[in-house]
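Asks: fold the stuff below for me.
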Amino acid sequence: MDVFVGVDNITRSFRNPVITIGNFDGVHYGHQVLFRKVRDWARELQGEALVMTFNPHPLEVLFPGKGPERITTHERKLELIEANGMDAAIVIPFTPEFARISARDFVKNILVDKIGMRGIVVGHDYRFGREREGNITYLQELGEEFGFEVATLSGIKMGTTVVSSTAIRQLIKAGDIAEVNRLLGRAHDISGTVITGRRRGGKTIGFPTANIRPAPQALLRPGVYVVRVEVKGKTYGGAANMGYNPTFGDTPLSLEVHLLDFNEDIYGEHITVRFLERLRDEKRFSSIEELIVQIKKDVEKSRQILAKKAGSPY
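Replies: Next up, the predicted model:
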């Protein structure tokens with residue numbers, strides 16, 4: 001997938017492009033349905049499927065300090081968009097100046113003149129341009145004027161739940177990883193570099209852990225989770241603790257992962273932790289011995305759950 005940062009850095013023309021526009025945080029199941037519609041339409045036109053997204057999130061710029069916590073990092077979002085078969089992504093560096101572009105100028109100068117849009121797929125409540133002045137009706141009027149078609153998509157439901165990034169963020173904070181994964185259409189993941197921890201896992205407790213500092217994103221409710229971990233292109237089962245290690249009186253939030261049947265030095269390695277199931281809340285134990293007994297139970301339970309989930313993505 002080609003990635004262009006800013007419309008002025010687009011270095012090639014697009015063939016009969018069909019585009020969708022949005023933040024696409026999490027690239028959840030609803031986004032995936034939208035991308036599929038864009039791909040199918042582009043294929044009918046023998047064209048290309050495009051995504052326009054923003055970095056930083058517009059709300060972070062318009063209301064500093066009040067933007068939503070991200071489900072995925074920007075880099076991970078682009079990986080997921082590519083995995084959904086899109087041909088190109090145009091990343092708009094969102095600024096106050098960009099926010100002042102009128103709805104008409106955004107469509108004519110950027111989508112039509114610069115990109116050559118033939119079709120656009122957006123949500124039924126899509127708003128665009130300065131102070132969100134543009135709506136679907138106006139977009140359709142511009143389509144008649146400039147020669148592109150507009151398709152809309154209503155909110156995608158799974159059962160009775162409308163799939164949305166907002167709903168998923170709330171579920172992440174509640175620790176409802178099963179529902180998070182269902183709405184994402186994949187296992188929720190966190191990536192990071194393995195850092196030096198307090199070196200208690202192997203020496204003190206007998207369960208060595210890989211410690212990663214989570215990127216700034218919506219973090220799961222503290223607790224113990226069953227996970228799969230990707231390390232150097234291979235996947236291992238594991239148990240992870242997201243939290244503050246209250247038994248030891250730690251204060252910084254950490255993600256510590258014990259990989260099953262694994263004994264390698266991976267300090268400095270980039271790993272991805274995929275969360276499958278929540279085992280329990282984090283708690284303070286009266287002694288290290290009591291903690292060790294519980295960890296043994298957590299690891300055994302994780303093995304059982306992983307065995308049942310063999311062959312399932314989440």
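
Asks: from here on, contacts and neighbour counts on C-alpha atoms
Replies: Will do.

Asks: gap between the closest residue to residue 112 other than its chain neighbours and residue 76?
Replies: Beyond its immediate neighbours in the sequence, the residue positioned closest to residue 112 (CA to CA, 6 or more residues apart in numbering) is residue 146, lying 7.4 Å away. Shown here: residue 146 relative to residue 76, a distance of 34 Å by CA to CA, to the nearest Å.

Asks: list the contacts of stretch 95-108.
Replies: For stretch 95-108, the surrounding residues in contact (CA atoms under 8 Å, 6 or more residues apart in numbering) are 58, 61-62, 128-134, 142, 146.

Asks: for residue 264, grab phi and psi.
Replies: With angles defined as degrees, to the nearest 10, residue 264 shows backbone torsions of phi -130, psi 160.

Asks: what's the burial count for it?
Replies: Burial of residue 264 is recorded as 7 neighbouring residues (other CA atoms under 10 Å).

Asks: so what's the nearest residue to residue 162 once chain neighbours are set aside up against?
Replies: Nearest non-adjacent residue to residue 162, counting by CA to CA, 6+ apart: residue 156, 5.7 Å away. Applying CA under 8 Å, 6+ apart to residue 156 gives the contacts 30, 33, 162-163.

Asks: if I look at residue 156, how far off is residue 124?
Replies: Taken as CA to CA, the span from residue 156 to residue 124 is 11 Å.

Asks: equivalent analysis for residue 99, please.
Replies: 21 Å.

Asks: look at those two and report which has more neighbours.
Replies: residue 99 (18 against 13).

Asks: for that one, what are phi and psi?
Replies: Here residue 99 shows phi and psi, under degrees, to the nearest 10, equal to phi -60, psi -20.

Asks: how near is it to residue 52?
Replies: Applying CA to CA, the value for residue 99 to residue 52 is 15 Å.

Asks: quick one: which of the contacts of stretch 95-108 is nearest residue 259?
Replies: Within the contacts of stretch 95-108, proximity to residue 259 (CA to CA) peaks at residue 58, which comes in at 38.1 Å.

Asks: where's the closest one relative to residue 38, distance?
Replies: Here the distance between residue 58 and residue 38 works out to 23 Å (CA to CA).

Asks: so which strand or helix has residue 271?
Replies: strand 270-281 (DSSP states H and E).

Asks: quick one on the thing from earlier: do you know the pLDDT at the residue nearest to residue 162?
Replies: Residue 156 is assigned 90 on the pLDDT scale.

Asks: on that earlier part again, compare residue 58 and residue 38 and say which is more crowded by neighbours.
Replies: Counting neighbours by other CA under 10 Å for residue 58 and for residue 38 shows that residue 38 has the greater number, 26 against 20.

Asks: right, and that one touches residue 20 too?
Replies: Yes. Shown here, residue 38 and residue 20 form a contact pair, counting by CA atoms under 8 Å, at 7.1 Å.

Asks: shared neighbours of these two, anything?
Replies: When contacts are counted by CA under 8 Å, 6+ apart, the set common to residue 38 and residue 20 consists of 50, 120-121.

Asks: among these, which ones are in strands?
Replies: In strands, defined here by DSSP state E, the members of the shared contacts of residue 38 and residue 20 are 50, 120-121.
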